[in-house]
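1. I would like to see how this sequence folds:
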Amino acid sequence: MSKKTYVVVGGVAGGAGVAARIRRRDEEGTIILFEQGPYVSFANCGLPYYAGGVIQDRKNLLVTPVETLRDVFRIDVHTQSKVVHIDPKRKLVTVVSDGAESSYPYDELVLSPGARPFVPPISGVEDEAVLTVRSIPDIDKVVGHIAGAKRATVVGGGFIGIEMAENLVQRGLSVSLVEAADQCMTTLDPEMAASVHRELANGGIDLHLSSSVQAIIRQGSVVTVRTSKGDVEGNDFVILAIGVRPDSSLAKDAGLALDGRGYILVNERFQSSDPHIYAIGDAIAYPSPFDGKPIAVALAGPANKMARLCADSMVSGTCTPYPGTYGASIAKVFDLEAGSVGLNERQAGAMGYAYAVAVTHGMDHASYYPGAKPLSGKIVYEKPSGRLLGGQMVGYGGVVARVDVLSALIAKGGTVYDLAAFEQAYAPPFGSAKDILNMLGFIATNCLEGLDQVVTWNEADRMVNDEHALVVDVRTPDEVALGSYPGALPIPHREIRDRMGEIPTDRPVILMCAIGLRGHIALRILRQHGYMNVWNMTGGYKTWSAMHETVLKNAGPTNPREQEISSPLVLDACGLSCPGPIVALKGKMDMLKEGEVLEVHATDPGFVNDVASWCSMTGNTLLDSARSDGMTIAHIRKGMKPMARSNEPSREKGASIIVFSNDFDKVFAAFVLANGAAASGKPAVMFFTFWGLSVLRKQPGKNIHKSTVEKMFGAMLPKDMDHLGLSKMQMGGMGKRMMQKRMRAKQVTQLRAMYEDAKRQGVRFIACQMSMDVMGLSKEELLDGIEVGGVGTYMQAASSSDVNLFI
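-> Numbers count the residues shown, from 1 in each chain. Below you'll find the model as predicted:
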């Protein structure tokens, strides 16, 4: 073998990997590596965790020290050395190091420059408090700003943005996350990303979706992030994690072929348009294994595999063909794991595939074995072949194993039939006899074989609006009582055979259960009794409700108790889905004596909020509740609400008013009473529910994404309190105008002024969370300063009131 000179530009994952592999293939060659930064082969994926203190020793970020590359692999490593020019004809690179310029010849050159953070062209980004995350010096700056900081904003809801936001919270900062899209983690479909949003909120992050950053404004010692929806104020620093752009200027200047976005185009041997210049990693575009069009995927795993094959190609002139990148990825979001591989629905549609989906929910291991945690899955597959196109998993355990299985199957051209037949290692502590992947395969094969007919959550909304479809909720009455599809007909699946006369045959019928299983059972019954236009909502109410809930930031653990509780009784509700934990809690509490304490363990994500409301409604005392590692642990004392200490003043009894109506005269009367109570020194609370929410409406500054049903409700409601009508004597609007004229003549305060007076007097305004979800209203559509709460919030206020009114 003739002695070659190999020059490598870039010394992180791809560059260091290709250099080491070249040496293992060519002992005699000269290998020179240039890295513009001070470190090579460092763990850039670990940078957020160093900022959060999870990785405590900075040295652990240095995966392979320079000395190892030099001594073991005899690689001539140059750090702080920037390659500024390539001369392809003369096969020379020009390098600037310590201010001096030098030239180096090469036989084969590989570019692994990576990608740089995207910095938008807006005012204020040059401020020293605006940071990015790419290298160890970058994260050193972040760590320096954390010291003494109280508040920060992260712009960007992708992997780096979410990881940085979480780790800043771990360091004790108050954190806002701003994302221009209507969801975080766009590799996921919206219904899967909803779990990510809930976990971010439960972690205490103030989430701003559909909010594009427009400017960063310095205001004394703090900075404000101005977005399309308003200002995020009081930040000690801001981290931009909006995405990356290929660091390909060197390749462009050398005349190499780039795609329209600036990525370096390469062939199956990683050769650029110059056969002696190779490229790998985040800066290249490589044909997609799905449609053959060049794509760029900024992931460490593919970069390392490219490095291995590229080195083989440079040394021997050939290599195993690279199959392309399927984009297998996973992120930690506090206790949640979220992963995906292949195509999501948006991508499959854009590529022109005829596709279908399957969605279901389960547990990471057998639900009867202690510690089972929720796990949700979705697959996208081609019709009618059943070929797997993509998969997504979100849960509190077991996600990475399932994503890896999907990745292997997709790469080998696997189908949903393979997924249904997939044999996994099983024991109760580790999995289920029918794994969630098997269940997804079963759902899909049932559909392909005509045994099931499913609709997604958004297709159901469209069918209800456009085709007047009827939703039949086949869950139990207890489940339905905690929430259902608006206007759904409740028929438990056990009663379907006896109540078929209630189910119409002249329009589509959508069956909805919790996750899709009971819906499938009901569909099979109906289909065999002649009902053909019947559909099963895949993913069930759990998926639909996730897309229609209002996500609010969690203030943190509730009611930290002052002393430890000795030997409490324990209820293990792990593995139960809503309303299971609450039902189990009630049954256990009924068995306890007054004053005894119950410790509840639950993995249902909503339990952390449900338990507080349940205690408020039942007169039991929530001592504390906290969520960790995908589990909520709550301590509840039966009865015995804490008594005020003798040296504390007793509270004045107050007034609580439920405003159900949106009639002008009734709402006006409610404000008269609230203002009267406040003026007399009584605490006053107004709880607005259903039609009463109209009083609190405002017109948001930007269009908010809504389903068809939500748009219908919005159109039926008055725009705001200025557009309310009278309960009687409407007379085409003349009645209200007459009423307002009489009010002015008698010097009676107008409704909006009455509202402002109540606000000034400290009247609490609470919007009903459940009603907002049903009516399709978001917090952005409500007046500023409105609280959002549930029945528990109102009942807590009502219990300390001696006046309770329903209007």
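2. only C-alpha atoms for contact and neighbour calcs from this point on.
-> Noted.
3. and the helices in the stretch 651-800 of the chain?
-> 664-679, 708-716, 734-745, 751-760, 769-775, 791-799 (DSSP state H, counting those that start in this stretch).
4. which secondary structure elements does the last one contact?
-> In other words, helix 791-799. With contacts defined as 3 or more Cα pairs under 8 Å, 6 or more residues apart in numbering; DSSP states H and E, helix 791-799 has these neighbours: helix 607-618, strand 654-659.
5. tell me the contacts of the most centrally placed residue in the chain?
-> The chain has residue 196 as the residue nearest its centroid, 2.5 Å off, counting by Cα atoms, centre = their mean. Going by Cα atoms under 8 Å, 6 or more residues apart in numbering, residue 196 touches 184, 333, 336, 338.
6. let's see it at 10 Å
-> Contact analysis of residue 196 by Cα atoms under 10 Å, 6 or more residues apart in numbering lists 162, 183-185, 188, 190, 202, 331-334, 336-338, 394-395.
7. type out the PyMOL command that picks the buried ones from these.
-> Buried residues among the contacts of residue 196 (16 or more other Cα atoms under 10 Å), as a PyMOL selection:
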select buried, resi 162+183+184+185+188+190+202+331+333+334+336+337+338+394+395
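8. of the contacts of residue 196, which belong to helices?
-> Secondary structure from DSSP state H places 162, 190, 202 of these in helices.
9. can you redo those as a markdown table with pLDDT and distance to residue 232?
-> Formatted as a markdown table, the ones in helices among the contacts of residue 196 follow (pLDDT from 0 to 100; distance: Cα to Cα, whole Å):
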| residue | pLDDT | distance to residue 232 |
| --- | --- | --- |
| 162 | 98 | 17 |
| 190 | 96 | 25 |
| 202 | 91 | 19 |
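10. so what pLDDT did the residue lying closest to residue 92 once chain neighbours are set aside get?
-> Leaving aside its sequence neighbours, residue 92 sits nearest to residue 105 (Cα to Cα, 6 or more residues apart in numbering; 4.4 Å). At residue 105, the pLDDT value in this model is 97.
11. got it, and the one 3 residues further on?
-> As predicted, residue 108 sits at a pLDDT of 97.
12. test my guess that it contacts residue 272.
-> No - if you go by Cα atoms under 10 Å, residue 108 and residue 272 don't touch, sitting 11.6 Å apart.
13. could you give the number of residues near the residue nearest to residue 92?
-> Applying other Cα atoms under 10 Å, we find 16 other residues in the vicinity of residue 105.
14. next SSE downstream of the lowest-mean-pLDDT helix or strand in the chain?
-> Taking mean pLDDT, DSSP states H and E as the measure, the chain has helix 791-799 as its least confident helix or strand, at a mean of 71. Per DSSP states H and E, the first helix or strand lying C-terminal to helix 791-799 is strand 801-806.
15. I'd like the mean pLDDT over that following strand, please.
-> 80.
16. and if you look at stretch 318-328?
-> The pLDDT scores in stretch 318-328 average 92.
17. can you give me the buried ones in that stretch?
-> By neighbour count with 16+ other Cα under 10 Å, stretch 318-328 contains the buried residues 319, 322, 324, 325, 326, 327, 328.
18. and which of those residues is nearest residue 406?
-> Closest to residue 406 out of those is residue 328 (9.0 Å), distances taken as Cα to Cα.
19. where's the residue nearest to that closest one when sequence neighbours are not counted, which helix or strand?
-> Distances taken as Cα to Cα, 6+ apart place residue 341 nearest to residue 328, at 4.1 Å, with adjacent residues excluded. Element membership of residue 341, judged by DSSP H and E, is strand 336-342.
20. what residues are up against residue 299?
-> By Cα under 10 Å, 6+ apart, the contact set of residue 299 is 45, 281, 282, 325, 327, 328, 329.
21. OK, contacts around residue 505?
-> Under the criterion of Cα under 10 Å, 6+ apart, the neighbours of residue 505 are 530, 531, 532, 533, 534.
22. which one of those residues sits closest to residue 212?
-> Using Cα to Cα, residue 534 comes nearest to residue 212 of the contacts of residue 505, at 41.4 Å.
23. follow-up on the earlier one: the residue nearest to residue 92 against residue 7, yeah?
-> Yes - between residue 105 and residue 7 there is a contact at 8.2 Å, judged by Cα under 10 Å.
24. any common contacting residues for these two?
-> Common neighbours of residue 105 and residue 7, counting by Cα under 10 Å, 6+ apart, are 92, 93.
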